[in-house]
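S.K.: next comes the sequence, and after it the predicted model I'd like to discuss.
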Amino acid sequence: MFEQLFETLTSSSLSFETMALRLVLSTIAGFVIGFERKIHLQNVGLRTHILICLSTTVIMLTSLYIPQLYASAKSDPSRIAAQIVSGIGFLGGGAILHQGLNIRGLNSAATIWTAAGIGMAIGCGMIAVAFLAVFISVLLMFTLEWFEQKHFPAEQIKHLELIFKNDMINIQLLSQELKNRGLLITNVDFSKELDEKQIRIIYTVKVPDTLDISNLVEGIKFIGNLEKIKLKY
(Lines give C-alpha, C1' and ligand atoms only; values in the text may rest on other atoms or scores of the structure.)
Protein backbone atom coordinates (compact mmCIF):
# COMPACT_ATOMS: atom_id res chain seq x y z
CA MET A 1 0.00 0.00 0.00
CA PHE A 2 2.72 2.47 1.02
CA GLU A 3 4.95 1.49 -1.91
CA GLN A 4 2.10 2.02 -4.36
CA LEU A 5 1.32 5.41 -2.85
CA PHE A 6 4.97 6.46 -3.00
CA GLU A 7 5.23 5.32 -6.64
CA THR A 8 2.16 7.39 -7.49
CA LEU A 9 3.64 10.43 -5.78
CA THR A 10 7.02 10.18 -7.47
CA SER A 11 5.82 9.04 -10.88
CA SER A 12 7.24 10.95 -13.86
CA SER A 13 3.87 10.51 -15.57
CA LEU A 14 1.56 13.16 -14.14
CA SER A 15 -1.86 11.63 -13.61
CA PHE A 16 -4.57 13.49 -11.73
CA GLU A 17 -3.99 11.29 -8.67
CA THR A 18 -0.28 12.10 -8.67
CA MET A 19 -0.86 15.85 -8.91
CA ALA A 20 -3.65 15.81 -6.30
CA LEU A 21 -1.49 13.95 -3.79
CA ARG A 22 1.41 16.34 -4.34
CA LEU A 23 -0.87 19.32 -3.72
CA VAL A 24 -2.11 17.75 -0.47
CA LEU A 25 1.45 17.12 0.70
CA SER A 26 2.44 20.64 -0.29
CA THR A 27 -0.40 22.02 1.84
CA ILE A 28 0.78 19.94 4.80
CA ALA A 29 4.38 21.10 4.35
CA GLY A 30 3.33 24.75 4.20
CA PHE A 31 1.16 24.29 7.29
CA VAL A 32 4.05 22.83 9.31
CA ILE A 33 6.42 25.69 8.46
CA GLY A 34 3.74 28.37 8.92
CA PHE A 35 2.70 26.88 12.26
CA GLU A 36 6.18 27.49 13.64
CA ARG A 37 6.02 31.14 12.55
CA LYS A 38 2.55 31.55 14.09
CA ILE A 39 3.73 30.13 17.42
CA HIS A 40 6.31 32.91 17.51
CA LEU A 41 3.63 35.54 16.77
CA GLN A 42 4.97 36.52 13.35
CA ASN A 43 2.81 38.25 10.74
CA VAL A 44 3.89 35.77 8.07
CA GLY A 45 2.00 32.74 9.35
CA LEU A 46 -0.09 29.77 8.32
CA ARG A 47 -1.99 31.03 5.29
CA THR A 48 1.03 32.72 3.72
CA HIS A 49 3.28 29.67 3.92
CA ILE A 50 0.54 27.28 2.81
CA LEU A 51 -0.28 29.43 -0.22
CA ILE A 52 3.39 29.84 -1.14
CA CYS A 53 4.08 26.12 -0.90
CA LEU A 54 0.85 25.23 -2.72
CA SER A 55 1.25 27.81 -5.50
CA THR A 56 4.84 26.86 -6.29
CA THR A 57 3.79 23.22 -6.47
CA VAL A 58 1.02 24.13 -8.92
CA ILE A 59 3.45 26.12 -11.05
CA MET A 60 5.97 23.27 -11.11
CA LEU A 61 3.28 20.73 -11.97
CA THR A 62 2.10 22.96 -14.79
CA SER A 63 5.60 23.35 -16.19
CA LEU A 64 6.11 19.57 -16.07
CA TYR A 65 2.67 18.77 -17.49
CA ILE A 66 2.87 20.98 -20.59
CA PRO A 67 5.40 18.72 -22.43
CA GLN A 68 3.35 15.67 -21.44
CA LEU A 69 0.13 17.18 -22.74
CA TYR A 70 1.65 18.67 -25.86
CA ALA A 71 4.41 16.40 -27.07
CA SER A 72 5.42 18.82 -29.81
CA ALA A 73 5.73 21.75 -27.41
CA LYS A 74 9.26 22.81 -26.55
CA SER A 75 9.02 23.58 -22.85
CA ASP A 76 11.84 23.81 -20.34
CA PRO A 77 10.54 23.36 -16.76
CA SER A 78 13.71 24.91 -15.36
CA ARG A 79 12.80 28.26 -16.94
CA ILE A 80 9.59 28.46 -14.93
CA ALA A 81 11.46 27.35 -11.81
CA ALA A 82 13.91 30.20 -12.34
CA GLN A 83 11.01 32.66 -12.52
CA ILE A 84 9.70 31.33 -9.20
CA VAL A 85 13.08 31.96 -7.59
CA SER A 86 13.11 35.52 -8.94
CA GLY A 87 9.53 36.28 -7.96
CA ILE A 88 9.67 34.88 -4.43
CA GLY A 89 12.45 37.33 -3.61
CA PHE A 90 9.99 40.23 -3.79
CA LEU A 91 7.61 38.46 -1.42
CA GLY A 92 10.43 37.70 0.99
CA GLY A 93 11.56 41.32 0.87
CA GLY A 94 8.07 42.41 1.91
CA ALA A 95 8.38 40.41 5.13
CA ILE A 96 11.44 42.39 6.25
CA LEU A 97 10.53 45.37 8.41
CA HIS A 98 12.71 48.26 9.54
CA GLN A 99 11.71 49.43 13.02
CA GLY A 100 13.82 52.36 14.12
CA LEU A 101 17.40 51.10 14.23
CA ASN A 102 16.32 47.45 14.21
CA ILE A 103 15.48 45.05 11.39
CA ARG A 104 12.80 42.41 11.85
CA GLY A 105 11.37 39.68 9.65
CA LEU A 106 14.59 38.21 8.26
CA ASN A 107 13.73 34.76 9.58
CA SER A 108 10.22 34.97 8.15
CA ALA A 109 11.69 35.96 4.78
CA ALA A 110 13.95 32.91 4.97
CA THR A 111 11.01 30.62 5.71
CA ILE A 112 9.22 32.04 2.65
CA TRP A 113 12.18 30.96 0.53
CA THR A 114 12.15 27.57 2.25
CA ALA A 115 8.43 27.07 1.63
CA ALA A 116 8.87 27.98 -2.03
CA GLY A 117 11.75 25.54 -2.44
CA ILE A 118 9.82 22.76 -0.75
CA GLY A 119 6.78 23.45 -2.92
CA MET A 120 8.92 23.24 -6.05
CA ALA A 121 10.50 19.98 -4.84
CA ILE A 122 7.08 18.44 -4.19
CA GLY A 123 5.89 19.61 -7.59
CA CYS A 124 8.82 17.78 -9.21
CA GLY A 125 8.08 14.60 -7.28
CA MET A 126 11.03 14.86 -4.87
CA ILE A 127 8.80 13.89 -1.94
CA ALA A 128 11.44 12.39 0.36
CA VAL A 129 13.78 15.35 -0.14
CA ALA A 130 10.97 17.86 0.39
CA PHE A 131 9.82 16.42 3.70
CA LEU A 132 13.38 15.91 4.87
CA ALA A 133 13.76 19.67 4.25
CA VAL A 134 10.55 20.31 6.24
CA PHE A 135 11.83 18.24 9.14
CA ILE A 136 15.27 19.86 9.19
CA SER A 137 13.84 23.40 8.83
CA VAL A 138 11.35 23.07 11.68
CA LEU A 139 13.88 21.27 13.88
CA LEU A 140 16.44 24.04 13.35
CA MET A 141 13.95 26.85 13.95
CA PHE A 142 12.86 25.39 17.30
CA THR A 143 16.22 24.17 18.62
CA LEU A 144 18.35 27.09 17.42
CA GLU A 145 15.97 29.59 19.01
CA TRP A 146 16.64 28.00 22.40
CA PHE A 147 20.38 27.87 21.68
CA GLU A 148 20.52 31.53 20.62
CA GLN A 149 18.52 32.73 23.60
CA LYS A 150 20.85 30.85 25.96
CA HIS A 151 24.21 31.73 24.41
CA PHE A 152 23.41 34.91 22.44
CA PRO A 153 20.81 36.97 24.37
CA ALA A 154 18.61 39.04 22.09
CA GLU A 155 19.57 42.69 21.77
CA GLN A 156 17.87 45.70 20.27
CA ILE A 157 19.55 48.93 19.18
CA LYS A 158 18.05 51.97 20.89
CA HIS A 159 18.78 55.59 21.73
CA LEU A 160 19.35 56.32 25.42
CA GLU A 161 18.95 60.02 26.13
CA LEU A 162 20.21 61.32 29.47
CA ILE A 163 19.90 64.91 30.74
CA PHE A 164 21.86 65.97 33.82
CA LYS A 165 21.55 69.23 35.76
CA ASN A 166 25.22 69.22 36.66
CA ASP A 167 27.78 71.18 34.71
CA MET A 168 30.38 68.41 34.98
CA ILE A 169 29.83 64.71 34.39
CA ASN A 170 32.24 61.81 34.74
CA ILE A 171 31.65 60.26 31.31
CA GLN A 172 33.90 57.29 31.96
CA LEU A 173 32.10 56.41 35.18
CA LEU A 174 28.73 56.79 33.43
CA SER A 175 29.75 54.60 30.49
CA GLN A 176 31.10 51.94 32.83
CA GLU A 177 27.84 51.93 34.79
CA LEU A 178 25.87 51.41 31.57
CA LYS A 179 28.13 48.50 30.61
CA ASN A 180 27.64 46.99 34.06
CA ARG A 181 23.88 47.03 33.40
CA GLY A 182 24.33 45.03 30.19
CA LEU A 183 24.20 47.89 27.67
CA LEU A 184 26.69 47.86 24.80
CA ILE A 185 27.57 51.39 23.67
CA THR A 186 28.06 51.86 19.92
CA ASN A 187 27.97 55.67 19.69
CA VAL A 188 27.85 58.76 21.93
CA ASP A 189 26.47 62.24 21.16
CA PHE A 190 27.36 64.88 23.75
CA SER A 191 25.86 68.37 24.00
CA LYS A 192 25.83 71.15 26.59
CA GLU A 193 23.49 74.11 27.02
CA LEU A 194 25.64 77.26 27.31
CA ASP A 195 23.05 79.31 29.18
CA GLU A 196 22.11 76.50 31.57
CA LYS A 197 24.01 74.08 33.74
CA GLN A 198 22.66 71.16 31.80
CA ILE A 199 24.32 68.36 29.88
CA ARG A 200 22.57 66.15 27.33
CA ILE A 201 24.11 62.80 26.36
CA ILE A 202 22.59 60.52 23.74
CA TYR A 203 23.97 57.00 23.60
CA THR A 204 23.32 54.55 20.79
CA VAL A 205 23.24 51.26 22.66
CA LYS A 206 22.45 47.60 22.23
CA VAL A 207 19.93 46.75 24.93
CA PRO A 208 19.32 43.18 26.16
CA ASP A 209 15.70 42.03 26.48
CA THR A 210 16.31 41.45 30.20
CA LEU A 211 17.10 45.11 30.94
CA ASP A 212 15.48 46.44 34.12
CA ILE A 213 14.94 50.14 33.42
CA SER A 214 14.23 51.03 37.07
CA ASN A 215 17.49 49.34 38.09
CA LEU A 216 19.28 51.33 35.38
CA VAL A 217 17.89 54.62 36.70
CA GLU A 218 18.97 53.79 40.26
CA GLY A 219 22.48 53.06 39.04
CA ILE A 220 23.10 56.32 37.17
CA LYS A 221 20.92 59.00 38.78
CA PHE A 222 23.55 59.93 41.40
CA ILE A 223 26.43 60.22 38.94
CA GLY A 224 25.40 63.71 37.93
CA ASN A 225 21.96 64.52 39.33
CA LEU A 226 19.92 62.90 36.57
CA GLU A 227 17.00 65.04 35.45
CA LYS A 228 15.61 63.00 32.54
CA ILE A 229 16.07 59.58 30.99
CA LYS A 230 14.51 58.45 27.71
CA LEU A 231 14.98 55.10 25.94
CA LYS A 232 13.63 54.90 22.41
CA TYR A 233 14.14 53.31 18.99
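M.R.: That came through, no problem.

S.K.: need the residue closest to the centroid of this protein.
M.R.: residue 107 (1.9 Å; C-alpha atoms, centre = their mean).

S.K.: what mean pLDDT does the strand or helix carrying it get?
M.R.: Following DSSP states H and E, the helix or strand that holds residue 107 is helix 106-123. For helix 106-123, the mean per-residue pLDDT is 83.

S.K.: now swap in stretch 218-229 and tell me
M.R.: Regarding stretch 218-229, the rounded mean pLDDT is 79.

S.K.: what are the buried residues along it?
M.R.: Residues 220, 223, 224, 226 are the ones in stretch 218-229 that count as buried (16 or more other C-beta atoms under 10 Å). C-betas here are computed from N, CA, C, even on glycine.

S.K.: farthest-separated two in the residues you listed?
M.R.: Farthest apart among the buried residues of stretch 218-229 by C-beta to C-beta are 220 and 224. That separation is 8.3 Å.

S.K.: who touches both of those two?
M.R.: The contact sets of residue 220 and residue 224 overlap at residue 174 (C-beta atoms under 8 Å, 6 or more residues apart in numbering).

S.K.: and for stretch 129-139, what are the contacting residues?
M.R.: Taking C-beta under 8 Å, 6+ apart as the rule, stretch 129-139 contacts 25, 29, 32, 33, 36, 111, 114, 117, 118, 121, 122.

S.K.: hang on, the earlier thing: show me what the helix holding residue 107 is packed up against.
M.R.: If contacts are counted by 3 or more C-beta pairs under 8 Å, 6 or more residues apart in numbering; DSSP states H and E, helix 106-123 sits against helix 16-39, helix 46-69, helix 77-94, helix 127-151.

S.K.: dump those into TSV; add mean neighbour count, mean pLDDT and distance to residue 200 as well.
M.R.: Formatted as TSV, the helices and strands packed on helix 106-123 follow (neighbours: other C-beta atoms under 10 Å; pLDDT from 0 to 100; distance: least, C-beta to C-beta, whole Å):
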stretch	mean neighbour count	mean pLDDT	distance to residue 200
helix 16-39	19	86	41
helix 46-69	20	81	44
helix 77-94	14	73	38
helix 127-151	14	80	35
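
S.K.: save those helices as a markdown table, and put in distance to residue 178 too.
M.R.: Shown next, in a markdown table, are the helices and strands packed on helix 106-123 (distance: least, C-beta to C-beta, whole Å):
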| stretch | distance to residue 178 |
| --- | --- |
| helix 16-39 | 34 |
| helix 46-69 | 40 |
| helix 77-94 | 35 |
| helix 127-151 | 23 |
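
S.K.: residue 215: which of those helices is closest?
M.R.: The nearest among the helices and strands packed on helix 106-123, by C-beta to C-beta, is helix 127-151 at 20.9 Å.

S.K.: now that closest one, how far from the chain's geometric center?
M.R.: Put simply, helix 127-151 sits 14 Å off its chain's centre (C-alpha atoms, centre = their mean, to the nearest Å).

S.K.: now stretch 158-177
M.R.: The answer for stretch 158-177 is 35 Å, by C-alpha atoms, centre = their mean.
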